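Participant: starting from these lines, generate the structure:
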Amino acid sequence: MTRFWLWVQPALAIILFAHIVYTLVAFAWQDFPGSFVSIQFVIDGAFVFPGLVISLAVNQVILMLRKPRLVTRVEAIMIGILVALTAALVVTSFPDDAIVAGLFLWPVLILFAIAVTIVLAVTSARLAREKSPQTTADDAEMDELFAGGED
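Facilitator: Reported below is the predicted structural model:
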């Protein structure tokens, strides 16, 4: 299941990148056929999602540098909530009158994305600290290590 959580964020970033490109193309050509452009759709694609894609990329770098590559239960729950918030924002961006949902979800999504990045960084630092030696060998311990070979 860890493999799933390691690849959820890149998959979401690819989907959001497609949304960004579509938004920019639809906004540039007002008569783009079949465009679902509302004010919230444009704000999502031009401002909110580019920042979220950057945050997801930072999160993925943190996870890929982690030894061992694992996702804790709290991190998995937070990533799941982040995906759900993003999905809610995408779904509510199609109708023209759903700007109120965006006004509520934009700051929640941004703050939650920051919180996920902080949790991933703190957990990675904790895991790295647990793997590294916490004490150095004292002189007495060094003498015990080499006592058999000095005669």
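Participant: helix or strand for the closest residue to Phe17 other than its chain neighbours, which one?
Facilitator: Nearest residue to Phe17, sequence neighbours excluded (C-beta to C-beta, 6 or more residues apart in numbering): Val53, at 5.9 Å. C-beta: built from backbone N, CA, C; applies to glycine. Taking DSSP states H and E as the definition, one finds Val53 inside helix 49-65.
Participant: wait, the residue nearest to Phe17 touches Ile20, no?
Facilitator: Yes: Val53 lies in contact with Ile20 (C-beta atoms under 8 Å); the separation is 7.2 Å.
Participant: dump the residue contacts of the spatially most central residue of the chain.
Facilitator: Nearest to the mean C-alpha position of the chain, by C-alpha atoms, centre = their mean, lies Leu56 at 3.3 Å. Neighbour list for Leu56: 9-10, 12-13, 16, 113 [criterion: C-beta atoms under 8 Å, 6 or more residues apart in numbering].
Participant: swap the cut-off to 7 Å and go again
Facilitator: Shown in contact with Leu56 (C-beta atoms under 7 Å, 6 or more residues apart in numbering): 9, 12-13.
Participant: what's near enough to touch the nearest residue to Phe49 once chain neighbours are set aside?
Facilitator: Once flanking residues are discounted, Phe49 sits nearest to Leu16: 4.6 Å by C-beta to C-beta, 6+ apart. Counting by C-beta under 7 Å, 6+ apart, Leu16 makes contact with 49, 52-53.
Participant: can you name the next helix or strand after the helix or strand containing Leu16?
Facilitator: If you go by DSSP H and E, Leu16 is part of helix 2-28. Using DSSP H and E, the helix or strand that follows helix 2-28 in sequence is helix 39-43.
Participant: and that following helix, what does it pack against?
Facilitator: On a contact count with 3 or more C-beta pairs under 7 Å, 6 or more residues apart in numbering; DSSP states H and E, helix 39-43 meets helix 2-28, helix 99-131.
Participant: now it, how far from the centre of its chain.
Facilitator: Put simply, helix 39-43 sits 22 Å off its chain's centre (C-alpha atoms, centre = their mean, to the nearest Å).
Participant: dump that helix to CSV, restricted to CA.
Facilitator: Extracted C-alpha coordinates of helix 39-43, given in CSV (Å, rounded to 0.1, in the frame of the first residue of the first chain):
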residue,chain,number,x,y,z
ILE,A,39,-14.2,32.5,-12.9
GLN,A,40,-13.4,29.8,-10.3
PHE,A,41,-12.1,27.5,-13.1
VAL,A,42,-9.7,30.2,-14.3
ILE,A,43,-8.5,31.1,-10.8
